Structures are given as structure tokens and as C-alpha cells.
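Chemist: how would this look folded up:
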Amino acid sequence: QVQLVESGGGLVEAGGSLRLSCAASERTYNNYAMGWFRQAPGKEREFVAAISTHGVGKYYADSVRGRFTISRGDARNTVFLQMNWLEPDDTAVYYCALRSGDGGSLYEFRSYDSWGQGTQVTVSS
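Modeler: Now for the predicted structure:
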């Protein structure tokens, strides 16, 4: 199983920016689709963004489209989530995920089989 490690979370004021990073333990990760999910206290884990195999397609939740950008790093074992114009409702633990197979919707957390430990993002009003 691929190991994933997130970093870059923190506390920011509304309107500010953060950049999350996810490093995978295998260089073959570029052949896998990757996603970001988040979970706020008392709420279910929800889809944030995903990038398809080789980065051809990028997908976003309606709530973050136009503010967040997912991308792959040049190191080919990292994926980033640039978050701009953050809002208090963006406060959550953010998780990086990897889908090693070809099946399942990128919008569904059940489609992913490797997860990071999560990084806290807190946006103050």
C-alpha cells in the first residue's frame, strides 16, 4: 500500500491562502488518480478536488471551484492543493487519497484505497 503524507495546514484568516502538499512513497504514483477530501467536526468526509492519471483531468467540488487548484509536482510523487480566498466553512481536516485502480468515481471516497493522516486547516472569520 502506498504511504501518503500531507503537510501545509494551519491557521489563516478569511480571505487568506494555504498550500497543501501530499507526498507519496512510490514514484509510480503518477500513474494513479489522486484526490483531496476534507472532514469537519460532526460532518461526513466530503470530496474537495481530484486529478486524474497523468494529470489530464482536474475535478472540483462546487464549493471550492474557482478558489482551489489541484496540481502534480515536478518530483512526480507529490500533489498540491492551492487554496485561495479561504472561508470559515473551509475549516476541516484535509486528507490526501490515492486510487490505484481504474474503477469508481473520483468524487467518492470509497474509490480510493490509500489515505494520508490528514492535516488541519482552520480559517478564522
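Chemist: roughly how far apart are the most centrally placed residue in the chain and Tyr94?
Modeler: Geometric centre of the chain, nearest residue: Trp36, 2.1 Å, by C-alpha atoms, centre = their mean. The gap separating Trp36 from Tyr94 is 6 Å, by C-beta to C-beta, to the nearest Å. Where C-beta positions appear, they are placed from N, C-alpha and C, glycine not excepted.
Chemist: and what of Asn31?
Modeler: In terms of C-beta to C-beta, Asn31 sits 23 Å off from Tyr94.
Chemist: if you count what's nearby, which of these two comes out ahead?
Modeler: The residue with more neighbours, out of Asn31 and Tyr94, is Tyr94; 23 against 11, by other C-beta atoms under 10 Å.
Chemist: Confirm the more buried one sits in a strand?
Modeler: Yes. Counting by DSSP: H, G, I helix; E, B strand; the rest coil, Tyr94 is part of a strand.
Chemist: Quick check: closest non-adjacent residue to it.
Modeler: Arg38 (4.8 Å; C-beta to C-beta, 6 or more residues apart in numbering).
Chemist: Arg72 now?
Modeler: Gly55 (4.8 Å).
Chemist: So for that neighbour, what's the pLDDT?
Modeler: The model reports Gly55 with a pLDDT of 76.
Chemist: Could I get the phi/psi values of it?
Modeler: Taking degrees, to the nearest 10, you get phi 70, psi 20 for the backbone angles of Gly55.
Chemist: In this structure it contacts Ser71, no?
Modeler: Yes. Here Gly55 reaches Ser71: they are 7.4 Å apart, a contact under C-beta atoms under 8 Å.
Chemist: in its sheet, what does the helix or strand containing the residue nearest to Tyr94 sit against?
Modeler: For Arg38, the host element (DSSP states H and E) is strand 33-39. Applying DSSP bridges, strand 33-39 is found paired with strand 46-51 (antiparallel), strand 92-99 (antiparallel).
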